[in-house]
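**Student:** Turn this into a model:
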Amino acid sequence: MASVFDVAKYIVNKIGPVTTMKLQKLVYYSQAWNLAWDDVPLFAEDFEAWTNGPVCPDLYRKHKGKFIVDESFLENDAHPDSITPKEMNTIDAVLEFYGDKEPHWLSELTHLERPWREARGDCPIGYPSGSIINKALIHEYYSSLING
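**Tutor:** Numbers count the residues shown, from 1 in each chain. Model (predicted):
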């Protein structure tokens, strides 16, 4: 199984320099749609329902303090060759659909979606939250978008 770092590195290699906020959302949507389309996680790491949308803390620790990352990001920490061709197709589809969107737009989109909202619960807007966005809920929600 790939890691969140492998997926992030694959994305950065594909699209070039990207804000860390946008990278987090593209990695999140890659996980979400892999769960919906293939019924399995793309990677084991979890996302938390942070103020600006889903954030993987493991990935955050790698880019903390940076606004933009480029192809040198995760140079020694990731192995994008561990991603299967089928998984690459999922990530590529995510990049095709979400890749031209602005980071803030992606953040706002996640705020409209049930997995982030439910993980946040009653946490007030703007307050930090470390609540995990459950993979089963991500799977259920995005699968429902396919199946109506």
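
**Student:** Can you give me the neighbour number for residue 113?
**Tutor:** 17 (other C-beta atoms under 10 Å). C-beta coordinates here come from the backbone N, C-alpha and C atoms, glycine included.

**Student:** nearest residue to residue 114 other than its sequence neighbours?
**Tutor:** Spatial nearest neighbour of residue 114, chain neighbours left out: residue 141 (4.9 Å); criterion: C-beta to C-beta, 6 or more residues apart in numbering.

**Student:** Please apply the same query to residue 128.
**Tutor:** Per C-beta to C-beta, 6+ apart, closest to residue 128 is residue 51, 6.4 Å.

**Student:** and that neighbour, what does it touch?
**Tutor:** Residue 51 sits next to 125, 126, 127, 128, 129 when contact means C-beta atoms under 8 Å, 6 or more residues apart in numbering.

**Student:** before we move on, what about residue 133?
**Tutor:** By C-beta under 8 Å, 6+ apart, the neighbours of residue 133 are 46, 47, 48, 49, 54, 115, 116, 119.

**Student:** So which bits of whichever helix or strand the last one is part of are buried?
**Tutor:** Applying DSSP states H and E as the criterion places residue 119 in helix 114-120. By neighbour count on 16 or more other C-beta atoms under 10 Å, the buried set for helix 114-120 is 115, 116, 119, 120.

**Student:** residues near residue 129, how many?
**Tutor:** Around residue 129 there are 16 residues (other C-beta under 10 Å).

**Student:** what does the helix holding residue 119 contact?
**Tutor:** Residues outside helix 114-120 that contact it (C-beta under 8 Å, 6+ apart) are 32, 48-49, 53-54, 110-111, 129, 131-134, 137-138, 141.
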